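> predicted model and sequence follow; I will ask about them next.
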Amino acid sequence: MLKILFLDDFYYANETIDVTFYLEVNGRSFPDDQWTDFAIIVLNYWISSILEVHQNENANFVLRFMDGPYYVNCCKQGNGVQMTCIEDKKRKITICECKLEYNELVHELIDVSSKIIHSIERHDFGELRGLDDLKKSLKLLKTL
């Protein structure tokens, strides 16, 4: 099971926001439940990766966090996706992994992106780098 989570604890500076943002994979937090990152940018990258491989029956793609040595290797095979969460400091370590339907990943990205956009707009931060790009990417993702 996969959940993409964020907390409503935004830190705003220089037209960017940092927020607690992480994955919950089969009950395990990755990178951890206190991880902060530039979620707008990260989600836009992740959606772009999904849009690139969507038409392919089989494809490998990577979902990267902005900060730190953490990423998720994804292997799409038909309707399924194998996700392997990696910490790559001195050597690569598999932290956790899961298998899910490809559409579950797409819907999870739609859900968290919609929620974070709504939360950001409620806070009325003003200009934010990447927010318009995330909105455009989300609109495309919803057409899949």
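Perfect, I can see it now. Numbering: from 1, shown residues only.
> which element is V106 on?
Using DSSP states H and E, V106 sits in helix 102-123.
> for that helix, packing partners?
Where contact means 3 or more C-beta pairs under 8 Å, 6 or more residues apart in numbering; DSSP states H and E, helix 102-123 is packed against strand 2-6, helix 39-53, strand 80-88, helix 131-141. The way it works is simple: take the backbone N, C-alpha and C, and place the C-beta from them, glycine included.
> okay, these in JSON lines with mean pLDDT, distance to V106 and mean neighbour count next?
Output for these, formatted as JSON lines (pLDDT from 0 to 100; distance: least, C-beta to C-beta, whole Å; neighbours: other C-beta atoms under 10 Å):
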{"stretch": "strand 2-6", "mean pLDDT": "98", "distance to V106": "11", "mean neighbour count": "17"}
{"stretch": "helix 39-53", "mean pLDDT": "98", "distance to V106": "6", "mean neighbour count": "20"}
{"stretch": "strand 80-88", "mean pLDDT": "98", "distance to V106": "10", "mean neighbour count": "17"}
{"stretch": "helix 131-141", "mean pLDDT": "98", "distance to V106": "7", "mean neighbour count": "16"}
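> out of those, nearest to R28?
strand 80-88 (8.2 Å; C-beta to C-beta).
> next, R64: phi, psi?
Taking degrees, to the nearest 10, you get phi -100, psi 150 for the backbone angles of R64.
> so who does the residue most central in space within the chain touch?
For the chain, the residue nearest the mean C-alpha position is L43 (4.5 Å; C-alpha atoms, centre = their mean). Contacts for L43 (C-beta atoms under 8 Å, 6 or more residues apart in numbering) come out as 109, 112-113, 116, 134, 137.
> could you find the closest non-adjacent residue to H54?
L144 (5.7 Å; C-beta to C-beta, 6 or more residues apart in numbering).
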